[in-house]
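Peer 1: Show me how the following folds:
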Amino acid sequence: FEGPHVPSKLHLNWSFLGNHYKVEDFLGEGVFGIVAKCRDTKTNQAVAIKVNKNRTDILEQAKKEIFILEQLQRLDPDAANIVQWNGFFLDREQVCLKFELLDQCLWNYIGAPNNRRLPISEVRPILGQLTNVLSHLGSLGIVHADLKPGNIMVVKRYESPVKVRLIDFGLACPASAVMPGDRVGTVGYSAPEVMLGLPYNEACDMWSLGLVAVELVTGVPLYPGKKYYDPPDHVLDPGVYTEDYFTKDNYYYYNQQRYESLETRYIKLTCLDDIEQMFRRGPEDGQRLFVSLIKEMLALDAHQRITPSQVLRHPFFNPDYKTQITKMPTLLSFLTTLF
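Peer 2: From the prediction side, this is the model:
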């Protein structure tokens, strides 16, 4: 569920869900339904309830999500950094999923105020926890398929280090049940193999996590967009020889439909090494190692993409990372070895 949205008027007159969940607020709205903050009148505990729309296709999707959530109950939510699911019930012929109530999504956490950039010291524990999520999902053979800042919740924003949990398993599925060609995920965070309709597996989540990590340090998405043609456009723009091979105007055509190019704020990089120059000023805190890790997370070939266990063993997470940095050759010293 992406950020706070004004809920559909259809739901504004709801005062209760089920027998004893008093609706206090609407937290978000997505393709599958809405999320409401409710008060359990039996326990006086605040909870989050995802209400799926009463449509045949969405009901089928809800069944799949429940199946995944049941598999995830084999994990300790705290140890796995995933949201606590507390079952489901039916209300007005709609499937309602009960979850623990968390503080705010990562989009809001880094978006207020002014799309702030996080220092490496804050990025490291967040990235470590999210890698831990992928490790646990991989142990069950589950692909999340929609990892993005809007689906990552901060437990308590004022804690240090901040703790995060992954939510929204509406598109998740067993890796063995992946259907190549399915349009899953969110534009701007989907892995190349997903966008191209190729077979995919858990490695697609690692690509998405790499993009989330970049967004944490830059404050903006690396590949923003609302249509599937947008990310390729942003990839082509910085190219020195792009105009030799591509013709571009203000419009794109897909399935005989005309789309106007979106004017979106984004960062132009000629290579991932440029990210190092965008860090907040301060002492060396692993910036070079961070870029090294991102390169492995964003490997175009999914088979060459780094795995969760390899991420956690990367020097970026090594307590002696400062020693590792001094051993890494600079770009200049590397170039001198070529001549």
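Peer 1: Could you tell me how far V162 is located from Q71?
Peer 2: For V162, the distance to Q71 equals 27 Å [C-beta to C-beta, to the nearest Å]. Where C-beta positions appear, they are placed from N, C-alpha and C, glycine not excepted.
Peer 1: what are the ranges of the helices in this structure?
Peer 2: For the chain, applying DSSP state H gives helices covering 56-72, 77-80, 106-111, 120-139, 192-195, 203-218, 230-236, 242-245, 287-297, 308-312, 321-327, 331-336.
Peer 1: Need the contact partners of the longest one.
Peer 2: Residues from elsewhere that reach helix 120-139, judged by C-beta atoms under 8 Å, 6 or more residues apart in numbering: 75, 79-82, 106, 118, 143-144, 147, 152, 161-164, 166, 172, 202, 205-206, 209, 212-213, 216-217, 279, 285-287, 290, 307-309, 311-312, 316-317.
Peer 1: Tell me who's in contact with C204.
Peer 2: C204 touches V143, A145, G185, S190, A191, E193, V194, A302, counting by C-beta under 8 Å, 6+ apart.
Peer 1: and the contacts of helix 120-139, which are buried?
Peer 2: With burial judged by 16 or more other C-beta atoms under 10 Å, the buried subset of these is 75, 80-82, 106, 118, 143-144, 147, 152, 162-164, 166, 172, 202, 205-206, 209, 212-213, 216-217, 279, 285-287, 290, 307-308, 311-312, 316-317.
Peer 1: which of the helices of the chain is buried the deepest?
Peer 2: Highest mean neighbour count of those: helix 203-218, a mean of 24 (counted as mean count of other C-beta atoms under 10 Å).
Peer 1: who's in contact with the nearest residue to P77 once chain neighbours are set aside?
Peer 2: With sequence-adjacent residues excluded and distances taken as C-beta to C-beta, 6 or more residues apart in numbering, P77 is closest to Q84, at 4.5 Å. Contacts for Q84 were tallied using C-beta under 8 Å, 6+ apart; they are P77, F99, E100.
Peer 1: picking up where we left off before, now, which of the contacts of C204 lie within strands?
Peer 2: V143 (DSSP state E).
Peer 1: Tabulate the contacts of C204 (CSV), appending pLDDT and distance to R124.
Peer 2: Output for the contacts of C204, formatted as CSV (pLDDT from 0 to 100; distance: C-beta to C-beta, whole Å):
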residue, pLDDT, distance to R124
V143, 98, 25
A145, 96, 25
G185, 87, 25
S190, 93, 25
A191, 93, 23
E193, 92, 28
V194, 91, 27
A302, 95, 25
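Peer 1: Out of the contacts of C204, flag the one nearest to Q61.
Peer 2: Distances from Q61 to those, taken as C-beta to C-beta, are shortest for A145 (12.2 Å).
Peer 1: ok, the residue nearest to F16 when sequence neighbours are not counted - contacts?
Peer 2: Residue nearest to F16 in three dimensions, not counting chain neighbours: K22, with 5.7 Å by C-beta to C-beta, 6+ apart. K22 is in contact with S15, F16, C38, R39, T41, counting by C-beta under 8 Å, 6+ apart.
Peer 1: how does it look with 10 Å?
Peer 2: Going by C-beta atoms under 10 Å, 6 or more residues apart in numbering, K22 touches W14, S15, F16, A36, K37, C38, R39, D40, T41.
Peer 1: what does I167 give?
Peer 2: 1, 35, 48, 50, 82-83, 85, 99-100, 102, 105, 144, 146, 150-153.
Peer 1: so who does V311 touch?
Peer 2: By C-beta under 10 Å, 6+ apart, the residues touching V311 are 127-128, 130-132, 134-135, 206, 209-210, 213, 293, 296-297, 317.
Peer 1: Check the gap between it and Q129 for me.
Peer 2: Separation of V311 from Q129 (C-beta to C-beta) stands at 12 Å.
Peer 1: Let's see the pLDDT reported for the residue nearest to L222 when sequence neighbours are not counted.
Peer 2: Spatial nearest neighbour of L222, chain neighbours left out: V214 (4.8 Å); criterion: C-beta to C-beta, 6+ apart. pLDDT recorded at V214 is 94.
Peer 1: Also the one 4 residues further on?
Peer 2: As summarised for this prediction, T218 has a pLDDT of 88.
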